[in-house]
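Chemist: mind folding the following:
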Amino acid sequence: MKTVLITGANRSIGLETAKQLSEKGLFVYLGSRNLENGENVVKELQENGFQNIKAIEIDVTNPESITKAKNIVKNEQGKLDILINNAGILGVNPQTAAEASVNDIKEVFETNFFGVINVTQTFLDLLKKSDSPRISNITSGLGSLTLHNDPTWKYYHVKAAAYGPSKSALNAYTIVLAYELRELPFKVNVIDPGYTATDFNHHSGPGSVESAASFIIKHTLTDENGPTGQYFSNDIEDESGISPW
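Modeler: Just a heads-up that it's a prediction; the model follows:
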């Protein structure tokens, strides 16, 4: 049975991804900053027939929390097959480049960028024990510099000086990570689940969490010939789903 860890999985897209992966027979560590919240979610899932899901406390901004979570997975499973870095924050609005405070921008980067690095580096040795390790970093269309510079893009006027750059940085980090792991059976990609109706955006997005989770899983559960170092977006109409960087 493959094992997956999803950070920020106690609600919205992360939770739906956990549910769908559980239905596919994977063992899911449902990551939550607050263990009690995560356990309450898992209890409800189990009452509704979901199996092989366990809440695990992990705060991606807290190295001690990450290490503790890693040790739990190591002791219980001995390895990790899939890491989905889903935890993220939007930050304080408005986020104008001229006025957003450095501290507010740092706070967003702490979760969306440095948090992913901390989690990935901590769990890398467990992932290397897998026959087919996968790392999916959940990004956003707002992380695409190419699209942001295209006046014809439908979200061209949606600019956020903290959130967007944090995802652009994540995209860049993923390219480097994928390159470094290219000789191993890793597949490392960034995946944009699309503009989805969640608490994150006050349910303003047109997409569903079911579609978002399905898209993440499609580009995570790939075979040995699957791509690595790629950027996929659920908002791209092309069948490939490949987004420009």
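Chemist: where does pLDDT dip in this protein?
Modeler: Segments of the chain classed as low confidence (criterion: pLDDT under 70) are 197-206.
Chemist: can you point me to the longest helix in it?
Modeler: With DSSP state H applied, the helix covering the greatest number of residues in the chain is identified as helix 163-180.
Chemist: which residues of this structure fall in strands?
Modeler: With DSSP state E as the definition, the chain shows strands at residue ranges 3-6, 27-32, 53-57, 82-85, 134-138, 187-192, 231-233.
Chemist: and the second one, which strands flank it?
Modeler: Meaning strand 27-32. Taking DSSP bridges as the criterion, strand 27-32 forms sheet pairs with strand 3-6 (parallel), strand 53-57 (parallel).
Chemist: that older thread, so what's the gap between the longest helix of the chain and the chain middle?
Modeler: Shown here is helix 163-180, whose average C-alpha point lies 12 Å from the average C-alpha point of the whole chain (C-alpha atoms, centre = their mean, to the nearest Å).
Chemist: same for it, what does it pack against?
Modeler: On a contact count with 3 or more C-beta pairs under 8 Å, 6 or more residues apart in numbering; DSSP states H and E, helix 163-180 meets helix 102-109, helix 115-127, strand 134-138, strand 187-192. Using the backbone N, CA and C atoms, a C-beta is placed for each residue, glycine as well.
Chemist: for residue 65, find the nearest of those.
Modeler: Distances from residue 65 to each of the helices and strands packed on helix 163-180 were compared using C-beta to C-beta; the shortest belongs to helix 115-127, at 9.6 Å.
Chemist: put the alpha carbons of that closest one into PDB.
Modeler: Written as PDB, here are the backbone C-alpha positions of helix 115-127 (Å, rounded to 0.1, in the frame of the first residue of the first chain):
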ATOM      1  CA  GLY A 115       7.600  25.800   4.500                       C
ATOM      2  CA  VAL A 116       7.600  23.600   1.400                       C
ATOM      3  CA  ILE A 117      11.400  23.500   1.400                       C
ATOM      4  CA  ASN A 118      11.500  22.500   5.100                       C
ATOM      5  CA  VAL A 119       9.000  19.700   4.600                       C
ATOM      6  CA  THR A 120      10.600  18.400   1.400                       C
ATOM      7  CA  GLN A 121      14.100  18.300   2.700                       C
ATOM      8  CA  THR A 122      13.000  16.700   6.000                       C
ATOM      9  CA  PHE A 123      11.100  13.900   4.200                       C
ATOM     10  CA  LEU A 124      13.500  13.400   1.300                       C
ATOM     11  CA  ASP A 125      15.300  10.400   2.900                       C
ATOM     12  CA  LEU A 126      11.900   8.600   3.400                       C
ATOM     13  CA  LEU A 127      10.900   9.400  -0.100                       C
END
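Chemist: great, nothing more from me.
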